[in-house]
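Asker: Need a 3D model of the sequence below.
(chains A, B, C and D)
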Amino acid sequence: MFDYILRRLVYTLITIFAVASILFVLFRMLPGDPTMQVISPAMDPAVQLRMKEAFGLNEPIWAQYLIYMKNLVTLEWGRSFVSAQEVTDILSYRFWNTILLMAAGMCMTLVLGIGMGIIMAWKRNSALDIGGTIVGLVFQAAPPFITGLLLLMVLSYRLGLFPTGGMYPAGQRPDGIIELLLMPEFWHRIVLPTLTVGMYYISTPMLIMRDSMLEVLGSDFIELARAKGLKPRVVMFKHAARNALLGVVTLAGIMIGFAVGGQVVVEALFSWPGMGQLMVESAASHDYPVAQGTFLMLAILVITLNFFTDVLYSYLDPRIKITAKGVN
Amino acid sequence: MEILELDHLSRHFEIQPGFIDRVIRRHPMSYIKAVESLNVSIGNNEILGIAGESGCGKSTTCTMVSGLLEPTSGDIRYKGKSIIGLKGEELRQYRRSVQMIFQDPYESLNPRFRAADIVAEGPRALDLWDADEIDHRVIEILNAVGLPAHKYTERFPHELSGGERQRVGIASALVMEPEMIIADEPLSMLDVSIRAGILDLIKELQEERQFSSIYVSHDLSILGNVADRVLIMYLGQAMEIGPAKDVILNPRHPYTRALVGAVPIPDPRSRRAIPNIRGDISKPIDPPPGCRFAPRCPHADSSCQANFVELSTEDPNAHQAACHKLDIIADG
Amino acid sequence: MSANRLSRQLKNLRSGLAEHYRIITSNRLSAFGFWIIILFVVVAIFAPWIAPHEPWEMVYDRDGNFASLRPPSWQFPVGTTHLGYDLFSQLVLATRTTLLIGATSGLISIIIGANIGLVAGYYGGKIDEVLMRLTDILYGMPFLPFIIILISLFGRKLEFVILAIILIIWRTSARVIRAQTIAIKQRQFIAMAKARGCSDFRIIYRHILPNVLPLLLLYAAFNIAWSIITEASASFLGFGDGETISWGGMLYELWLSGKTRVAWWWFATPSICIVLLVTSLVFVSRAYEEVANPRLRKR
Amino acid sequence: MTKTATPEPLLSIRNLGVVYSTSQGPVHAVSNISFDVHANEVFGIAGESGCGKSTLIRSLLRLLPDNGRMDAGLCQYKGQDLTAMSDEAFRKNILWQEISLVPQSAMASFNPVHRVGDQIIESILAHRDISRAEARERSAGLFDVVGLQSDLMNSYPHEFSGGMRQRAMIAMSLSLDPGLIIMDEPTTGLDVLVQERILRRIREIRAEIKSSIILITHDIAVIAEMSDRIAIMYGGEVMEQATAVDMFENPHHPYTLGLKNAFPSIRDIGSELISIPGSPPTLVGPLTSCPFAPRCPFNLDTCHQANPESINIGTSHQVRCIRTADAKQFRKLAREKSTWRS
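Answerer: Sure thing, here's the model as predicted:
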């Protein structure tokens, strides 16, 4: 298992490296002066020149690539065209806001979705199962900006139950995460975006869990567990659910990729000061250093989460085999 | 005239070591020695039975003979000519003349093909005849294996019984007009009451169409019934070979004796001797040079661990056992 | 004889289509989805004849008054925007855009994904390793942010939206079809095809492909659905094609106009269209889920 | 190995039937099955695929799928009427405590994500109020009984070979000293030498414990060597039932004769094998004729018109055939290949 994790870790690093390289190529493919993406044209020409040297933009393309990579590793991610702040500084604040919202949404979907999936498989063909499947499929089909808008229109505009956006009331910026978590206004504001994120991806774990439960319930070892006279609850959770979880974890990679996309929309919709909102704003205002840095950060987040699902899988499934290959 | 000769045929498989072992500790590769220095020949129109437990190398041997797997060392000669490294048209011709019948009729037929298309697939893939000729031959062969074409051509595998599926499998091998058939446990997944019918069909077709066969089975009683000669293998090595009746009724090698002794007898009054061997079968991963049965053999000593007796192909009909201790065993 | 063979092939084709029709209509939900999709396709084909107005044409009611922010009525069945655009016309014309994007990116991506999955799964070894590392890299690319970056770099063009979706979306189908191919490759009928002398090409496309077909169709439906959702999301965020009307773009204009508090009809109609079309695709795919995974059916 | 029948059977089944409702109509997978299993005996049930063996096991253990319905005239275990028992009471008091199972596929019957030892301990703790350590000790003892080292308890199922898995399964079936162990094809798919060891182990266990065994297999040689009494199943019914010696020396039913001819023996190789033409019935709809009649070379018109009752011939020998009087002649005819070619 350790061996497997190590190999995945190496792959993970290679993937991050590759994504960064793609980003480099993409930005260098842009028509016009390549310095445009790094240095704001609004800057003082002397400053521009200094920065050009610092980023090696006078060098040939391969040297630029090396410098780009070095800057990535040393966290020299450039400055915002708009606010002139260090990209890394902006991101370090935004990062945690995204993680907070993501964690809230994930917890809700995983606990609720997996639980619902088990119950639906158990009560196969009941009204609960059929209704749950249909609702799940519709949720799967509703992009988060629609559910989010709907929630806003009904619960916020019409009924006035929740604020329309933001993470805390204007002018009350908290000092650090602890203080933020202690603010009742924060919890009030996180409800709608969490609900939106949650509704967007609850159907995936729920339906996959249901289907893989049904598949596992047909296997021989479940029949034996029942023959052993175990309590139905034990058969369901200890034997069936644990194996069915493998199916959910296998598809978690797909889910994570889409969840990050959903996150972007939700943050933009609810003015949540996370990386998603930053992504949209910086791309719209052509603030390239920020857009580039945010994209990279989001990519690293996705890749890391994928790595952890791999680790989780190898923990849940003890069958890791050595493969034999032919030699001539 | 020998149609096929296996000359010191070996096949090893590399075991992929773990990432840490390979990159950091730089461990050497391990090998599974699936087949080790096998010498056998098969005569024209002869049925050679191969028996042994799982992991004995019988399937690997078949795959090599059918040209789908290259040997690690040694030679396969077909009509006196080596088939190693054959390419293009020659390889195509060879593959056509050696056909396989598979074990599991539920698994070996493509579920999305109709019976006629399954049978026609080989000729179509190799472009043997024009389309009309193929249709004609498919109908002919389906009739020959006892599946009246008018009833069966349009059926999908799931609409056929186990025996009918195996007949389709046989038809799809024979339509290629092979000179040699490799049958890999063709009966083991079938019901007892219909096995004899398939066995008879294979024997009949063999008389009629004159092909040689390798018939692989773990069931010695069936081999005794169908094969002319029997080869016993254990963990990739040949243990004993000879005329079928001799090997089964009068086994010489300790392993063959155990194998024959372990077969239950369908008669509640009969008693058989309990095989005198110890331990479990293992995998031939980096095995020592000697006889691979030695660790379980009651007669083994240091000479058995040091080297291995190879069979010779000089007299194909001789009854030979690859054992150092034949005198002791015969005496005891 | 050859006419005979042609008729046999036609028969096979017909029985194949009949089988798919039976799969889709075997379940009430997927039958519902199937007919909804047909309806949208018909609307998309005849869109210019159905829509009474241009998408960005200011309209006036029968009394000659400028029709701004009108709720649904007989004249404007789904109301108008604050700038007096007829939402019904926009909706009908946007159907075309959406289906075009869904069909092109969905189909191209499934063709790419299926081939990569089949080749990687069948050959294994180094080819598999390379192709799977490639999909790993794509899995590392956050989908929507990638489209946003691409559009912000190269401009708001429909081609770039489609291209961006295609570049990313094949990854899932490739992975799933690879896994299925590996499972099928180990089955004995593939060994049998090899022993009969079939070439690799023939084995992949004649023997394996029909057996991954239900899964392939399932993911084709998914890819189309995902393309539609992604395009709508990108448009909603302002990264769609500004020149072409689309459902997501309609909602973006609503969001920009700040009329979300009043114009419920402006929100409701494009949203219902998106959800209805995607749900239909998901319902149809559900029918294939049961074929691709027969154990679900049995219990 | 032969024993005289004890007056009070351990398990008594009368007129057991199972019907599955399917899209093609009701399928009578098992009908009119009656047999007794006595204390400390091996009762062998032989039959080919589709004869109703697995349905019989499932109905005895109440593991039928939702579309299956069982009815039985009588189903008594140690004098208790099992049909009157609630599911909960059956699960608590009968399953594994009294009737345990060695399933057909040991490979797929172990849960792949739990350790083998834990799965055995679990079966003990589900029914006995003892500590985990005691259960572990007991399991280690069972591993010893079946010839496995007790440190293998910490392994996962995929780390076991086929034979080891089967032995661990047998250990698990013994974990609560049940009165009856149902062994479903315990050696099918195993190599001959591995099969030999398992069979030897089962024989040894029989000498030590008091459990009775129902041994179900298609392998007539295994059943002949292991069983005291044998039932031959076909088309969901028991065609013939007798002591093992009687069944082999004095068979009556044409299907039994056919099966014997089709099965090769290593003792007399070269003798001609004869297959039974045709294929088994689909069992859709109720049986209105003898299920074997379409394949039977000795069938009469009446065979197609009514399903024959079981007839007693001798003290513990029953045959479901109307032509038992001609059995002697059939035995001779059945050796001729031409008899079986219709």
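Asker: Residue B:63 and residue B:69 touch, don't they?
Answerer: Yes - the pair residue B:63 / residue B:69 is scored as a contact, 4.3 Å apart, by C-beta atoms under 8 Å. C-beta here means a position set from N, CA and C on the backbone, and glycine is covered the same way.
Asker: between these two, which one's more packed in?
Answerer: Using other C-beta atoms under 10 Å in any protein chain shown, the more surrounded residue of residue B:63 and residue B:69 is residue B:63, with 21 against 18.
Asker: Now do the same contact list for that one.
Answerer: By C-beta atoms under 8 Å, 6 or more residues apart in numbering or on different chains, the contact set of residue B:63 is residue B:69.
Asker: Does residue A:233 belong to a helix, a strand or coil?
Answerer: helix (DSSP: H, G, I helix; E, B strand; the rest coil).
Asker: Against residue D:51, how distant is it?
Answerer: Separation of residue A:233 from residue D:51 (C-beta to C-beta, to the nearest Å): 35 Å.
Asker: Have a look at those two and say which one is more surrounded.
Answerer: Neighbours around residue A:233 and residue D:51, counted as other C-beta under 10 Å, are more numerous at residue D:51. The numbers are 29 against 9.
Asker: Write down the beta-bridge partners of the spatially closest residue to the more buried one that is not a sequence neighbour, one by one.
Answerer: Distance criterion C-beta to C-beta, 6 or more residues apart in numbering or on different chains; nearest residue to residue D:51, sequence neighbours excluded, is residue D:233 at 4.3 Å. Judged by DSSP bridges, the bridge partners of residue D:233 are residue D:238.
Asker: what about residue D:233, how many residues close to it?
Answerer: Applying other C-beta under 10 Å, we find 23 residues neighbouring residue D:233.
Asker: got a list of what it touches?
Answerer: Counted by C-beta under 8 Å, 6+ apart, residue D:233 has contacts D:45-47, D:51-53, D:56, D:239.
Asker: Could you identify the buried members of these?
Answerer: For the contacts of residue D:233, a neighbour count by 16 or more other C-beta atoms under 10 Å in any protein chain shown gives the buried set as D:45-47, D:51-53, D:56, D:239.
Asker: Identify those among those residues that sit within strands.
Answerer: Those of these mapping onto strands are D:45-46, D:239, per DSSP state E.
Asker: Let's have those in a markdown table, adding pLDDT and distance to chain C.
Answerer: As requested, these are arranged in a markdown table below (pLDDT from 0 to 100; distance: C-beta to the nearest C-beta, whole Å):
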| residue | pLDDT | distance to chain C |
| --- | --- | --- |
| D:45 | 94 | 26 |
| D:46 | 92 | 28 |
| D:239 | 93 | 30 |
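Asker: Out of those, flag the one nearest to residue C:75.
Answerer: Checking those against residue C:75 with C-beta to C-beta, the nearest one is residue D:45 at 79.9 Å.
Asker: okay but the closest one is in contact with residue D:213, surely?
Answerer: No - in this structure residue D:45 lies outside contact range of residue D:213 using C-beta under 8 Å: 10.9 Å.
Asker: Report how many residues lie close to residue 230.
Answerer: All of this refers to chain A. Counted with other C-beta under 10 Å, residues neighbouring residue A:230 total 22.
Asker: meant chain C actually
Answerer: Neighbours of residue C:230 using other C-beta under 10 Å come to 25.
Asker: show me what contacts it?
Answerer: A:261, C:143-144, C:147, C:165, C:169 are the contacts of residue C:230 under C-beta under 8 Å, 6+ apart.
Asker: Enumerate every residue touching the closest residue to residue B:254 other than its chain neighbours.
Answerer: Nearest residue to residue B:254, sequence neighbours excluded (C-beta to C-beta, 6+ apart): residue B:297, at 5.1 Å. For residue B:297, the contact set (C-beta under 8 Å, 6+ apart) comprises B:254-255, B:277, B:291, B:304.
Asker: how close does residue B:297 get to chain D?
Answerer: Separation of residue B:297 from chain D (C-beta to the nearest C-beta, to the nearest Å): 13 Å.
Asker: pLDDT score for that residue?
Answerer: As predicted, residue B:297 sits at a pLDDT of 86.
Asker: Residue A:110 now?
Answerer: Value for residue A:110, per-residue pLDDT: 86.
Asker: close to chain A, is the longest helix anywhere in chain C?
Answerer: Using DSSP state H, we find that the single longest helix of chain C is helix C:87-123. No - Helix C:87-123 lies apart from chain A when judged by C-beta under 8 Å from any C-beta of the partner chain; the minimum separation is 12.2 Å.
Asker: Show me which parts of that helix are buried, residue by residue.
Answerer: Neighbour-count burial for helix C:87-123 [16+ other C-beta under 10 Å]: C:87-102, C:104-106, C:108-122.
Asker: Check which residues of the next helix or strand after it are buried.
Answerer: Using DSSP states H and E, the helix or strand that follows helix C:87-123 in sequence is helix C:125-139. Residues C:128, C:131-132, C:135-139 are the ones in helix C:125-139 that count as buried (16+ other C-beta under 10 Å).
Asker: Ok, stretch D:241-254 next?
Answerer: For stretch D:241-254, by 16+ other C-beta under 10 Å, it's D:241-248, D:251-254.
Asker: Show me the residues you listed that map onto helices.
Answerer: D:244-248, D:254.
Asker: Could you list every helix and strand in contact with the longest helix of chain C?
Answerer: Identification of packing neighbours for helix C:87-123 by 3 or more C-beta pairs under 8 Å, 6 or more residues apart in numbering or on different chains; DSSP states H and E yields helix C:28-45, helix C:47-50, helix C:125-139, helix C:158-185, helix C:209-236, helix C:247-257, helix C:264-292.
Asker: May I see those helices organised as TSV, with distance to residue A:82 and mean pLDDT added?
Answerer: Output for the helices and strands packed on helix C:87-123, formatted as TSV (distance: least, C-beta to C-beta, whole Å; pLDDT from 0 to 100):
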stretch	distance to residue A:82	mean pLDDT
helix C:28-45	41	90
helix C:47-50	41	84
helix C:125-139	30	89
helix C:158-185	24	89
helix C:209-236	22	88
helix C:247-257	20	85
helix C:264-292	31	84
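Asker: can you list those helices in a markdown table and add distance to residue B:272?
Answerer: Conversion of the helices and strands packed on helix C:87-123 to a markdown table gives the following (distance: least, C-beta to C-beta, whole Å):
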| stretch | distance to residue B:272 |
| --- | --- |
| helix C:28-45 | 60 |
| helix C:47-50 | 83 |
| helix C:125-139 | 48 |
| helix C:158-185 | 42 |
| helix C:209-236 | 46 |
| helix C:247-257 | 79 |
| helix C:264-292 | 50 |
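Asker: Tell me which of the ones you listed sits nearest to residue B:43.
Answerer: helix C:158-185 (35.6 Å).
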